[in-house]
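> Quick one, fold the following:
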Amino acid sequence: MRGKLIACLFFCACLILPGFGASAAGVTNYSSFISADYWVKNNPAGEQVILDAAGTAAFNKRMVDKFASVYDLKAYPQKVSGSTVKSYLGDFSVLNDPLFRLGKEVSQNYKNILIREANVDKVPAEVAVRYGVTVRRSNLRALPTNEGLFYYPTDSNFDALQETAISVCEPVIILHQSANGFFYYVQSYNYRGWISRFDVATCGRDAWLKYADPQSFLVVTAQSFNIKVSGESVYCDEGTRLLLVTEGSSIYTVKMPLRAQNGSLEEANSNVAKTAALHKGYLPYTSNNILRGAFKYYGAPYGWGGMHKGTDDAGLITNVYRTVGIFLPRTVDELAQAGVVTSLNGMASAQRLDAIKKLTPGSCLFMDGYAVMYVGNSSDVPYIIHSLATHYTGGVRHTEMRVLVSDLTLQRASGSSFLDEFTNAVSFK
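Next comes the predicted model:
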């Protein structure tokens, strides 16, 4: 994520200039175009199943085999060499640049404290992994701190230490603990990083497997969903899996993880009304279900790495595809190589346009540091939905910080259009 952050900061002009641009050419607020209904109706093959359960399982296995960042956590080894864990922990390159906290540049002493908190010297020769489950939506951090560090004193949107966000009920592998004991270093199914230990309940492998390999579950199909658990309103992202206990005529009962005072896993049953925000098991993997899921995010705030309960470009894609049981890599660079890849490099604009218009809606397009989802064509013009920070028109910067729909004429800071910047088109099948 840090490499992508640098690219994104250039793309967004660091968001340090004052003012917000007016709605620019390329972004549409046309009422039909900003609803899934229009695109679903104009997608003749949209209800055809792309992959059945066996095909989805095979796709997920290919992701594990292809990308070093993606794991079948059930097959994760129970012991890991200390040298491997040290190699994970010992990347402090994010601290090489000047960084700012609360508008002031942090000192080298502050950076040294963060390095010491990583506790690398205390990694044993062989690490016996521990098991945990997230009890709320949690930030995964590059270093063991929740304090935001930014590349510019006025920025509050692009935290250099924010890697991604992990949903509630997620199984994680615990590999290490910070020196002060406040953070765990964990492996999720598609990312590693530091997480507050107060957001994780530890447990044995058998209890953990219920979350790693759930047999009966609900999937959140809304942009977000809240569940009351022991007095706390627990926020669930789209794609979150909830363990299903019983199903009544109008109510589901789900089992939610809690963290006991000693840090161990406890569980409580919660009743939730049957609504369109919840689906029993994964949705069928169809093009239209992907479109419906993506448009649940329309107007939602942009959130770098899931900051501010928002979503960034890759986060939108990975969350939507989780609703159909597809588990993708987290970074744009890896997403751009997942599935069936069509290279757009070397194509003239007309060739690119023709190739894009032939894509299955729900396929994704990639440029350096950025990803979008193709939703279909109208009047022979292709449209996309994406979580966008900023873009340009004739050298004028427009700040969006939201999920929106546009054509491909939006420009980057270089003046090149999105159309001419795309390098890959990918269909996840």
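> Give me the mean pLDDT for the helix or strand containing Arg352.
Here Arg352 is covered by helix 349-357, with elements defined by DSSP states H and E. The average pLDDT for helix 349-357 rounds to 97.
> Over to stretch 250-270?
Averaged across stretch 250-270, the pLDDT comes to 98.
> Any chance you could list what contacts that stretch?
Identification of contacts with stretch 250-270 by C-beta atoms under 8 Å, 6 or more residues apart in numbering yields 132-135, 168-169, 197-203, 207, 211, 218, 227-230, 234, 242-247, 271-274, 278, 280. C-betas here are computed from N, CA, C, even on glycine.
> Repeat the analysis, applying 6 Å as the threshold.
For stretch 250-270, contacts defined as C-beta atoms under 6 Å, 6 or more residues apart in numbering pick out 133, 135, 201-203, 207, 227, 229-230, 242-246, 271-272, 274.
> What residues of it count as buried?
Buried residues in stretch 250-270, counted by 16 or more other C-beta atoms under 10 Å: Tyr252, Val254, Lys255, Met256, Pro257, Leu258, Arg259, Leu265, Glu267, Ser270.
> Just to be sure, the last one is in a strand?
Yes. With the criterion set as DSSP: H, G, I helix; E, B strand; the rest coil, the secondary structure at Ser270 is a strand.
> which residues does it bridge with?
Beta-bridge pairing for Ser270 (DSSP bridges): Val254.
> about what we covered before: among the buried residues of stretch 250-270, pick out the one closest to Gly369, please.
Distance to Gly369 across those (C-beta to C-beta) is lowest for Pro257, with 34.6 Å.
> Across the sheet, point out what pairs with Val80.
Applying DSSP bridges, one finds that Val80 bridges with Val127.
> shouldn't it be in contact with Val127?
Yes. With contact defined as C-beta atoms under 6 Å, Val80 reaches Val127; the gap is 4.7 Å.
> coming back round to it: can you select the buried ones from the contacts of stretch 250-270 in ChimeraX?
Restricted to buried positions by 16+ other C-beta under 10 Å, the ChimeraX selection for the contacts of stretch 250-270 reads:
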select :133,135,201,202,203,207,227,229,242,243,244,272
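> export the strand or helix carrying Val341 as CSV, just CAs?
Element membership of Val341, judged by DSSP H and E, is strand 340-343. C-alpha atoms of strand 340-343 as CSV (Å, rounded to 0.1, in the frame of the first residue of the first chain):
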residue,chain,number,x,y,z
VAL,A,340,-8.4,-12.9,-17.1
VAL,A,341,-6.1,-10.0,-18.1
THR,A,342,-6.4,-8.0,-21.3
SER,A,343,-3.4,-5.7,-21.8
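> How about that strand, which residues are buried there?
Neighbour-count burial for strand 340-343 flags Thr342 (criterion: 16+ other C-beta under 10 Å).
> Parallel or antiparallel, list what pairs with that strand.
Using DSSP bridges, strand 340-343 pairs in its sheet with strand 424-427 (antiparallel).
> Thr409: neighbour count?
Residues within reach of Thr409, counting by other C-beta atoms under 10 Å, total 15.
> Per-residue confidence, the nearest residue to Ala53 once chain neighbours are set aside, what does it come out as?
The shortest distance from Ala53 to any non-neighbouring residue, by C-beta to C-beta, 6 or more residues apart in numbering, is to Gly325 (7.4 Å). Listed pLDDT for Gly325 reads 98.
> what's the neighbour count on the nearest residue to Met347 once chain neighbours are set aside?
Nearest non-adjacent residue to Met347, counting by C-beta to C-beta, 6+ apart: Ala355, 6.8 Å away. Other residues within reach of Ala355, judged by other C-beta under 10 Å, total 17.
> returning to what we had before: the residue nearest to Ala53 against Gly55, yeah?
No. Between Gly325 and Gly55 there is no contact under C-beta under 6 Å: 9.9 Å.
> What is the neighbour count of Leu175?
Counted with other C-beta under 10 Å, residues neighbouring Leu175 total 21.
> How is it assigned, secondary-structure-wise?
strand.
> Nearest residue to Asn425 in space, please, no chain neighbours.
Quick fix: residue 425 reads Ala, not Asn. Leaving aside its sequence neighbours, Ala425 sits nearest to Thr342 (C-beta to C-beta, 6+ apart; 4.3 Å).
> Okay, the one you found and Ile34: tell me how far apart.
27 Å (C-beta to C-beta, to the nearest Å).
> picking up where we left off before, in terms of secondary structure, what does the helix holding Arg352 contact?
Contacts defined by 3 or more C-beta pairs under 6 Å, 6 or more residues apart in numbering; DSSP states H and E place helix 349-357 against helix 418-421.
> packing partners for the helix it packs on?
Applying 3+ C-beta pairs under 6 Å, 6+ apart, one finds that helix 418-421 contacts helix 349-357.
> contacting residues around the helix it packs on?
Residues from elsewhere that reach helix 349-357, judged by C-beta under 6 Å, 6+ apart: Leu344, Asn377, Pro382, Leu419, Asp420.
> Take these and write them to CSV, including neighbour count.
Output for the contacts of helix 349-357, formatted as CSV (neighbours: other C-beta atoms under 10 Å):
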residue, neighbour count
Leu344, 20
Asn377, 18
Pro382, 22
Leu419, 21
Asp420, 18
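> for these, which one is nearest Phe183?
For the contacts of helix 349-357, the nearest to Phe183 is Leu344 (41.0 Å; C-beta to C-beta).
> Quick check: phi and psi at the closest one.
Phi and psi for Leu344, reported as degrees, to the nearest 10, are phi -100, psi 0.
> coming back round to it: what about Gly325 and Gly55, which has more around it?
A side-by-side neighbour count of Gly325 and Gly55, using other C-beta under 10 Å, places Gly325 first with 21 against 14.
> before we move on, what SS does the more buried one have?
When the rule is three-state DSSP, Gly325 gets the label coil.
> Right, I'll call it a day here.
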